[in-house]
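1. The following block contains a protein sequence and its predicted model.
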Amino acid sequence: MHLDVVERSYPGETVAAVLAGAFADFPKLRGYLLDDQDRLRKHVTIFVNSATIRDRNTLSDRVAAGDEVFVFQALSGG
């Protein structure tokens, strides 16, 4: 199995702000990660460093300089 990992740097003090930078570069990404009310979809998990974010509704979890944000989307199928 081969997985592609995309690494980018975006400024922001919250997960929402960091994702806004990613959405500016990759507009279609928003629909994969967020629902129609801008809440994190159920099949998506976001970590800041090694901790799962708490706020799946407004993505207000804090991000400090040097933190890493990881986005995982569950895959299914056979």
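-> Yep, it's here.
2. and the residue positioned nearest the centre of the chain, helix, strand or coil?
-> Per C-alpha atoms, centre = their mean, the C-alpha nearest to the average position across the chain is that of V71, at 4.4 Å. Of the three states, V71 takes strand under DSSP: H, G, I helix; E, B strand; the rest coil.
3. Use 49 as the first number for this chain going forward.
-> All right, first residue 49 from here; so that's V119.
4. Tell me how far it lies from T100.
-> 12 Å (C-beta to C-beta, to the nearest Å). Placement of C-beta: from N, CA and C, glycine included.
5. Where does the prediction get shaky in this structure?
-> Within the chain, the segments meeting pLDDT under 70 span 49-52, 124-126.
6. what's the longest helix in the protein?
-> Using DSSP state H, we find that the single longest helix of the chain is helix 63-73.
7. so what sits against both of V119 and T100?
-> Both V119 and T100 are in contact with T93, I94, where contact means C-beta atoms under 8 Å, 6 or more residues apart in numbering.
8. This protein: helices as residue ranges?
-> 63-73, 77-81.
9. sorry, back to before: can you give the contact residues for the longest helix of the chain?
-> Helix 63-73 has contacts (C-beta under 8 Å, 6+ apart) with 56, 58-60, 77-78, 81, 94, 96, 101, 103, 106-109, 111, 117.
10. Only the buried members of these: can you turn that into a ChimeraX selection?
-> The buried residues among the contacts of helix 63-73 can be selected in ChimeraX (16 or more other C-beta atoms under 10 Å) with this line:
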select :60,81,94,96,101,107,109,111,117
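11. one step back: return the most buried member of the helices of the chain.
-> Mean neighbours per residue, mean count of other C-beta atoms under 10 Å, is largest over those for helix 63-73, with a mean of 17.
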